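Engineer: from the sequence below, what's the structure:
(chains A and B)
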Number of protein chains: 2
Amino acid sequence: MKRILVLGAGASSPYLISYLLEHAEQHDWFVTVGDYDLQAAAARVQDHARGQALQFDVNDSELLSSQIEQSDLVVNLLAPTFQALVAWDCIHHARDMISVSYRDNRIRDLEQDAVRKGLLILTEVGLDPGIDHMSTMAVIDRIHNDGGVVTGYESYGGGLPAPDTIDNPFAYVITWNPRNVVMAGEKGAQFLDNGKVRIVPYHHLFQNTWSVEVPGVGTMEAYPNRDGLSYRETYGIGQAESMIRGTIRYPGFSETWSQIVALGLPNETMRIPDLADRTWAELVDMFLPTQVAGDDLASRVANFLHISPTGGIIKNLRWLGLFSDEPTGVAGDTASLAMTALLNRKLQLNPENSDMVILHHRFTVRYPDDGDRREQITATLVDRGEPGGPTAMARTVGLPAAIAAKLRLTGELPLTGCHIPTHPAIYVPILRELENAGLVFTEEVEALG
Amino acid sequence: MKRILVLGAGASSPYLISYLLEHAEQHDWFVTVGDYDLQAAAARVQDHARGQALQFDVNDSELLSSQIEQSDLVVNLLAPTFQALVAWDCIHHARDMISVSYRDNRIRDLEQDAVRKGLLILTEVGLDPGIDHMSTMAVIDRIHNDGGVVTGYESYGGGLPAPDTIDNPFAYVITWNPRNVVMAGEKGAQFLDNGKVRIVPYHHLFQNTWSVEVPGVGTMEAYPNRDGLSYRETYGIGQAESMIRGTIRYPGFSETWSQIVALGLPNETMRIPDLADRTWAELVDMFLPTQVAGDDLASRVANFLHISPTGGIIKNLRWLGLFSDEPTGVAGDTASLAMTALLNRKLQLNPENSDMVILHHRFTVRYPDDGDRREQITATLVDRGEPGGPTAMARTVGLPAAIAAKLRLTGELPLTGCHIPTHPAIYVPILRELENAGLVFTEEVEALG
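Structural biologist: Numbers count the residues shown, from 1 in each chain, chains lettered A, B, ... in the order given. So this is what the prediction gives:
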C-alpha cells in the first residue's frame, strides 16, 4: 500500500482529495488529509475506508516530520510560506512532494539534494501556476517543432464568478485562499513590453490595467502578475520581445481595489490593539492623515484619495462595509486579517451560483524559414463550476496535482530534482488527462500582416 | 580565557571591536571577528595579539555552528535577517548573544529555551534601537518614582552629517548599512496620536513628515518609524495617549525620497536582466508607464510624479545620477541593489567631515498627586564623530553592545531570557559607562498650562 499525505483541506482541496480517494482502491493507496481545522479535513474524507482526517499544525515540527516519514508522497496545499518547510522535511525523509505554490529560492536550493536522493519536488502544478505552464509549453514546443520563433507572449489567468451569476459590485467571488486575494500583488510586478522592461510597484499595480478580449467571455480587465519576464528563460523563448503575465478581473474591479491599496488596508505588519472591538469606520480612519477634511468618513476618504465622494468607488467601499459603525469582531490584529474576514463575508460564492476560471494565452510567432510569415496563436480555457458542486477553481487547481501524484506513484513520472511542469514528461500526460476530464484549450490562429 | 565572537565587520563595528580588544588583556578575552569580507575583518583586528579575523559566511551553517560552539559570547552585527539564525545556534550551543537588530517573533519564540538554559539573548542594544530604549526607560522609571503618569511620548533618532559639513543636496551621508537606507520604511509605520491609531503605508511614509525642534541643532524633519504604538506596552506606559517614534532628517530629504519611493526604485523583488550593462536612465525608465509623455526622461519622470520638471526634486534626482547615460555597473540584479551602489557612491562621508547622531525624546507627564500638574520633559543626545576617526554612528551603535558584552562576561548582567535593554539591571550600568564616555543626554523641563 502507498500512503499519500495531503496537507491542507481548504477551498482548493475538495476535487483533489475526491480524486485520490476514488482511485485509492484501484492503486492500493491510503490518503491522510491534515488540516489545522480537523472538521474541514473530516468533511473532505467523509469516512472513506481508504482515508483519514488528521488535526495538523504545520508549526508542530515533530508532527510534520513523523507524518511525512510515514508517507510515500506528500501533496502540499498549504499557504505559500509553508511550502519550503514541507519540502525540507520531504528531502530529509526522502519523500516526493507535489505542490501548487510558486517555486521560490528556498525550493531551488534543494535541487542537488533532490537529485542525489532520487526525489521529485514538483511545484506550481495547480491552475495558475500550473495548467498555464503546461498549456503554454505544449504550444511553444509545437511552434519550435514547426520552425517558429516566439516573438511575444502574453498569458492571463483568473478565478471569477460566471458572467450570468455576478451578484456583487466587485464582480468577484472568493474561491481560494482569501488572504492571497487581500495581499494580491504586494510584491509588485514586472514584464517585458516590446523589448522594454517595465516594473510596477504595488501602489501603482491596480492602476496599471488594460483590456483583454477573452474569446467566449468578452472584454476583461488585466493587471500585471508578478515577474512575467522571468518566464522567458523558464519557457525557453529568449527571443521574445514581449513577456507579460496578467491577472484577469471583470472591468472595474481594479478601479476600486487600487483605492483600497492606496489607503493601505492590505497591511500584515502593523498590529492594531483591540481590533475586534473597533468599528470598520475606525479601522479605515486609521489610514487617513489627521488633517484631511470632510463632513463624514466617506468624504474624508474621497478627499484623501482625490476621488468623487458620491461616485462609484465610494459606493463600492460603502457596500463592502468599510464605513460601517459595527465592530469588526475580527479575531486577528492586522488590517489584512480584517479585510480577509470582510471579503469572506461579502464576496462569498452563493451555492446557487457558479464560479469560472479563465486561462488565456497569446503567442506572436515568426517563421524565418517560411518567408518570415507571422501569426498570432491564442489558446483559451474557460471552465465553469457546477452550482453546489466543486468549484471550477477547486477542480482546475486540484486535478493537475492529483494527476501528478498518481503518475508519480504509478512510476509514470520518473524525473528527479525540483521541477515545475514545463517538461513534456510532466505536461503531456497531465494535459491528456485534463482533456479527458473536459478541460480543453480552444486555439485560434490569425495571420499577422 | 573567555572567547568573544563578533559577527560582522561593517560600518557599525569599528568602535565595538576596538573596545573589546582594548579590554581583552585586562579581562583575559580573545576576540574573533568574522566577516564575509576577510580584509574588512582583518582591518578591524589589526594583528592584535588577542584578536583574529575570520572569513565568515553566515549561510555556511557548519562554520556558524562550530564558531559559536567555540565562543563564550556572540556579538551579532549582521543584517537583521540573520539575527534569528545566529540566535538559534546560540541557544543550541548554550551561548549568550548580544545583538543590535530589532527583536522579532523568531527571537521572542526563544524565550523559554533561553530561560531554561540560563542564557541571555539581548537584542536592540545599539543606538536606535538601543540607547533610545535605555535613556527612555531611565526617564520613565524616574517619572513613575515621582508619582507621574506619562500621557504622551515622542522619540526621534537619526544619523546625519554634522550641520557644518553638509556637502550634498540630500543633506545625508551613509554611515551604516546602505541597504537599510534604501529600503527604510518598507513595512510602513504606525503611531498613536491623541488616542487615535494612525497607520501609514510605505507609499505615503515620506509624505507624512513634520517639523521637530532639536535643542542645539535646530528645526529638523521627521517621518514615522515602524510600529511606535507597540512600545507603549514595552515601556509600561499604557496610559499614554500619544506614542510616536520618528526618524530625523534635515528638512527637504523626504520631499525627494518620497518621489524615489513613488517611482518604486526601492525594489528587492524584481530581478532585472543585464542590470550592469543598462544605464541609470534605462533603469529609471522601467518604472514609467509607456504612455507618459515628455521631451526627455526627466520631463517624463516629472509628469508621471506630478512634480515640476525644472524644480528642486528633479534637480536632486539628476544630481544623484538617475538620468545618467552611464551603465550602472552594478553587480546585483535588483533596483534596490543599484540604488544602494548609487547612494554609497554619492552620499559617502568625506574623511574631512563629521557625522552626527541625534536622539531626542519628549515626554508629557501628569502628576495626579500634585494637583494634576503637567510638564514636558525633553531629553536630547547629540554626538559628533571625529573627522577621519570612528563615526558617531559606529561609536553610539557599538559602545552599548560592547559594554553589554563586558558586563555579561564579568558576571554583572545576571539576567536570563530574551531581553531588550529596558530593564534597570541592563540600562543603569550601560548608561553610566556611556556617560563616562561623554554620551550624555541633556534634559529640559517645561511646565504645561
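Engineer: who in the stretch 151-300 of chain A is up against chain B?
Structural biologist: Residues of the stretch 151-300 of chain A found near chain B (CB under 8 Å from any CB of the partner chain) are A:187-190, A:193, A:196-204, A:208, A:227, A:229-230, A:262-264, A:267, A:269-273, A:285-287, A:289-290. Any C-beta I mention is one placed from the backbone N, CA and C, and that applies to glycine too.
Engineer: surely A:Leu439 touches A:Thr396?
Structural biologist: Yes - counting by CB atoms under 8 Å, A:Leu439 touches A:Thr396, with 6.6 Å between them.
Engineer: overlap in contacts, the two.
Structural biologist: A:Ile131, A:Leu381, A:Asp383 (CB atoms under 8 Å, 6 or more residues apart in numbering or on different chains).
Engineer: would you turn those residues into CSV with distance to chain B?
Structural biologist: Formatted as CSV, the shared contacts of A:Leu439 and A:Thr396 follow (distance: CB to the nearest CB, whole Å):
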residue, distance to chain B
A:Ile131, 25
A:Leu381, 28
A:Asp383, 31
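Engineer: quick one: average pLDDT of stretch A:176-191?
Structural biologist: Stretch A:176-191 carries an average pLDDT of 94.
Engineer: ok, now stretch A:148-162?
Structural biologist: pLDDT averaged over stretch A:148-162 gives 98.
Engineer: which element is the nearest residue in space to A:Phe206 that is not next to it in sequence on?
Structural biologist: Once flanking residues are discounted, A:Phe206 sits nearest to A:Ser258: 3.5 Å by CB to CB, 6 or more residues apart in numbering or on different chains. Assigned by DSSP states H and E, A:Ser258 belongs to helix A:253-263.
Engineer: tell me what that helix is packed against?
Structural biologist: helix A:202-205, strand A:218-224, helix A:297-305, helix A:312-320 (3 or more CB pairs under 8 Å, 6 or more residues apart in numbering or on different chains; DSSP states H and E).
Engineer: right, and those - which one's nearest A:Thr81?
Structural biologist: helix A:202-205 (17.9 Å; CB to CB).
Engineer: so which bits of the following helix or strand past that closest one are buried?
Structural biologist: Next along the chain after helix A:202-205, taking DSSP H and E as the criterion, comes strand A:210-214. Using 16 or more other CB atoms under 10 Å in any protein chain shown as the test for burial, strand A:210-214 gives A:Val212, A:Val214.
Engineer: touching strand A:210-214 from outside, list them.
Structural biologist: Residues contacting strand A:210-214 (CB under 8 Å, 6+ apart): A:Tyr156, A:Thr219, A:Met220, A:Glu221, A:Ala222, A:Gly246, A:Ile248, A:Pro251, A:Ile358, A:His360, A:Thr380, A:Val382.
Engineer: so the first one, which of the three states?
Structural biologist: For A:Tyr156, the assignment made with DSSP: H, G, I helix; E, B strand; the rest coil gives strand.
Engineer: shouldn't it be in contact with A:His360?
Structural biologist: Yes - the pair A:Tyr156 / A:His360 is scored as a contact, 4.6 Å apart, by CB under 8 Å.
Engineer: need the residues touching each of the two.
Structural biologist: Joint contacts of A:Tyr156 and A:His360 (CB under 8 Å, 6+ apart) are A:Val212, A:Val214, A:Ile248.
Engineer: the second one and chain B: what is the separation?
Structural biologist: Read it as A:Val214. 23 Å (CB to the nearest CB, to the nearest Å).
Engineer: and that residue, what are its bridge partners?
Structural biologist: A:Gly218 (DSSP bridges).
Engineer: now the last one
Structural biologist: According to DSSP bridges, the partner residues bridging A:Ile248 are A:Ala222.
Engineer: can you lay out the helices and strands packed on helix A:253-263 as CSV showing distance to B:Phe304?
Structural biologist: Output for these, formatted as CSV (distance: least, CB to CB, whole Å):
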stretch, distance to B:Phe304
helix A:202-205, 10
strand A:218-224, 17
helix A:297-305, 18
helix A:312-320, 22
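Engineer: point out the most buried one among those.
Structural biologist: helix A:202-205 (a mean of 22; mean count of other CB atoms under 10 Å in any protein chain shown).
Engineer: that one: how far from the chain's middle?
Structural biologist: Taking CA atoms, centre = their mean, to the nearest Å, one finds helix A:202-205 lying 19 Å from the centre of the chain it belongs to.
Engineer: contacts for it?
Structural biologist: With CB under 8 Å, 6+ apart as the contact definition, helix A:202-205 has outside contacts at A:185-189, A:223-224, A:258, A:261-262, B:201-203, B:262, B:264, B:289.
Engineer: report the two of the residues you listed separated the most.
Structural biologist: Of all pairs drawn from the contacts of helix A:202-205, the greatest distance, 20.8 Å, lies between B:Pro201 and B:Pro289 (CB to CB).
Engineer: counting neighbours, go ahead and name the busier of those two.
Structural biologist: B:Pro201 (24 against 13; other CB atoms under 10 Å in any protein chain shown).
Engineer: so how far is A:Ala189 from the more buried one?
Structural biologist: Separation of B:Pro201 from A:Ala189 (CB to CB, to the nearest Å): 18 Å.
Engineer: tell me the SS of A:Pro289?
Structural biologist: Per three-state DSSP, A:Pro289 ends up coil.
Engineer: list the contacts for it?
Structural biologist: A:Phe304, B:Arg198, B:His204, B:Asn208.
Engineer: same deal with A:Gly329?
Structural biologist: Applying CB under 8 Å, 6+ apart, the residues contacting A:Gly329 are A:Ala276, A:Ala341.
Engineer: same check on A:Phe56?
Structural biologist: Applying CB under 8 Å, 6+ apart, the residues contacting A:Phe56 are A:Leu7, A:Gly34, A:Asp35, A:Tyr36, A:Ala41, A:Leu63, A:Leu64, A:Gln67.
Engineer: got a markdown table for those, with distance to chain B, pLDDT and neighbour count too?
Structural biologist: Below are the contacts of A:Phe56 laid out as a markdown table (distance: CB to the nearest CB, whole Å; pLDDT from 0 to 100; neighbours: other CB atoms under 10 Å in any protein chain shown):
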| residue | distance to chain B | pLDDT | neighbour count |
| --- | --- | --- | --- |
| A:Leu7 | 22 | 97 | 27 |
| A:Gly34 | 22 | 97 | 23 |
| A:Asp35 | 23 | 96 | 25 |
| A:Tyr36 | 18 | 94 | 16 |
| A:Ala41 | 26 | 96 | 25 |
| A:Leu63 | 17 | 92 | 15 |
| A:Leu64 | 16 | 92 | 22 |
| A:Gln67 | 22 | 96 | 20 |
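Engineer: farthest pair within those?
Structural biologist: Within those, A:Ala41 and A:Leu64 form the most distant pair, 15.0 Å apart (CB to CB).
Engineer: got the contact list for stretch A:72-85?
Structural biologist: Contacts of stretch A:72-85 (CB under 8 Å, 6+ apart): A:2-10, A:12-13, A:16, A:20, A:58, A:64, A:68, A:86-87, A:90, A:95-102, A:104, A:106-107, A:123, A:177, A:179-180, A:401-402, A:405, A:408-409.
Engineer: can you flag the buried ones in those?
Structural biologist: Buried subset of the contacts of stretch A:72-85 (neighbour count, 16+ other CB under 10 Å): A:2-10, A:12-13, A:16, A:20, A:58, A:64, A:68, A:86-87, A:90, A:95-101, A:107, A:123, A:177, A:179, A:401-402, A:405, A:408-409.
Engineer: narrow those to those in helices?
Structural biologist: A:16, A:20, A:64, A:68, A:86-87, A:90, A:107, A:179, A:401-402, A:405, A:408-409 (DSSP state H).
Engineer: which of those residues sits closest to A:Val445?
Structural biologist: Distance ranking of these against A:Val445, using CB to CB, places A:Ala401 first at 30.8 Å.
Engineer: isn't that closest one right next to A:Ile98, touching?
Structural biologist: Yes - between A:Ala401 and A:Ile98 a contact is recorded at 5.3 Å, counting by CB under 8 Å.
Engineer: which residues are common contacts for those two?
Structural biologist: In contact with both A:Ala401 and A:Ile98: A:Val75, A:Val125, using CB under 8 Å, 6+ apart.
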